[in-house]
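Student: Below: sequence and its predicted model.
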Amino acid sequence: MPIKHSRVTRRLGLKTAIAAAVALPLSSTAPLTATAAAPDRSSRRLEVMSFNLRYASTSEPNSWAARRPVTRELLRRESLHVIGTQEGLYQQVRDIEADLGPNFDWIGTGRAGGSRDEFMAIFYDTRRLAPVEYDHFWLSDTPNVIGSNTWGGGSIRMVTWVRFRDLRDGEREFHFLNTHLDNASQNARARAAQLIAERIAGLDRSLPLVVTGDFNVAAHKNPVYDTMLGAGLVDTWDTAAERSKLYATFHGYRPLIPDGDRIDWVLTTPGVTAHRASINTFSANGQFPSDHLPVQASLALG
């Protein structure tokens, strides 16, 4: 698989082909100009989504061919700046890239390395955000070993993270971390959460941090959640000034469950202000874009 070279610094020097390239449209943000007036506070809000895409399948119902146009419409209408996705296969990620258009780019690699297996791809609006550095690590005893899985999990699991510069908020920098914890093993989830907490502690704590992911456990009901909050994070659903109606974020293409479990979260460091948190129930002609509902947050970094 070809590598797209960039000026972005990569830490740890993993020796694998990285699909760290390309573009997608979405945001209505106007391009910056040298003479532009300083944006007001609302225009500096960072629109974030965590979205388990459900891997591309040809099986009906709910094939990727049926879901792709609904996914395209969902993403285009939300004016997002950064999207942490889970489960996307390489061609599926490329499809989203094509559907979103030229103002977005993405960073990620397959969890088995290169283009293999699922991606924790991070899509971002290049008019708003510029990546400064990025890396990946695997949720195992050997986090720098590509594709490693040592805790009895049902699948390889990993994290992709990026340090961004916010071009519309005074060049402010922040970290963005995206993950998907194991669905089969509580031990694997618990150890993964602990490893993520340790890695978070090693980041520059003076910078805001946003964490997106499918954690495969309900918020407030599992030690994984306690570990993540114990790492110095807060749950934007709880801290937001305004919230949408609550639904279980995994629906499996069945009727939505009001007041159900949130297994998909947007977490931040405490200095980040959550103006609004929402669970997106968009569908078209009865077709949902995924078996998960996207989770969104409108944030001010500081």
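Tutor: Okay, I see it.

Student: burial of the nearest residue to D264 once chain neighbours are set aside, as a residue count?
Tutor: Closest residue to D264 apart from its sequence neighbours, by CB to CB, 6 or more residues apart in numbering: T249 at 4.2 Å. The C-beta positions use only the backbone N, C-alpha and C, and glycine is treated the same way. Using other CB atoms under 10 Å, T249 has 26 other residues around it.

Student: where in the stretch 101-250 of the chain is pLDDT low?
Tutor: Of all residues in the stretch 101-250 of the chain, none has pLDDT under 70.

Student: Helices of that one, start to end?
Tutor: 186-201, 223-230, 236-239 (DSSP state H, counting those that start in this stretch).

Student: Put together CSV for the ones you listed, with distance to R72 on each row.
Tutor: Shown next, in CSV, are the helices of the stretch 101-250 of the chain (distance: least, CB to CB, whole Å):
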stretch, distance to R72
helix 186-201, 31
helix 223-230, 31
helix 236-239, 25
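
Student: rewinding a little: tell me the spacing between the residue nearest to D264 and V224.
Tutor: 15 Å (CB to CB, to the nearest Å).

Student: try R165
Tutor: Distance from R165 to V224, by CB to CB: 31 Å.

Student: same check, this time on T71
Tutor: Counting by CB to CB - T71 and V224 are separated by 27 Å.

Student: all strands in the protein, in order from the N-terminus.
Tutor: 9-10, 46-52, 82-86, 104-107, 122-125, 129-138, 158-166, 172-180, 209-214, 234-235, 242-243, 264-268, 273-279, 295-300 (DSSP state E).

Student: Determine which stretch of these is the most buried.
Tutor: strand 82-86 (a mean of 28; mean count of other CB atoms under 10 Å).

Student: what helices or strands is that strand leaning on?
Tutor: strand 46-52, strand 122-125, strand 172-180, strand 209-214 (3 or more CB pairs under 8 Å, 6 or more residues apart in numbering; DSSP states H and E).

Student: what's next to that strand, contact-wise?
Tutor: 46-53, 75, 93, 96, 118-125, 129, 164, 176, 178-180, 210, 212-214 (CB atoms under 8 Å, 6 or more residues apart in numbering).

Student: got a list of what S298 touches?
Tutor: Going by CB under 8 Å, 6+ apart, the list of residues near S298 reads 45-48, 274-277.

Student: Ok, I257 next?
Tutor: 247-248, 251.

Student: Just put those residues in JSON lines and tack on neighbour count.
Tutor: Formatted as JSON lines, the contacts of I257 follow (neighbours: other CB atoms under 10 Å):
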{"residue": "Y247", "neighbour count": "18"}
{"residue": "A248", "neighbour count": "20"}
{"residue": "H251", "neighbour count": "17"}
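
Student: Between these, which sits nearest A201?
Tutor: A248 (31.3 Å; CB to CB).

Student: Is it possible to get TSV of the strands of the chain that adds distance to A190?
Tutor: As requested, those are exported to TSV (distance: least, CB to CB, whole Å):
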stretch	distance to A190
strand 9-10	29
strand 46-52	20
strand 82-86	19
strand 104-107	27
strand 122-125	24
strand 129-138	16
strand 158-166	15
strand 172-180	14
strand 209-214	15
strand 234-235	18
strand 242-243	28
strand 264-268	16
strand 273-279	25
strand 295-300	22
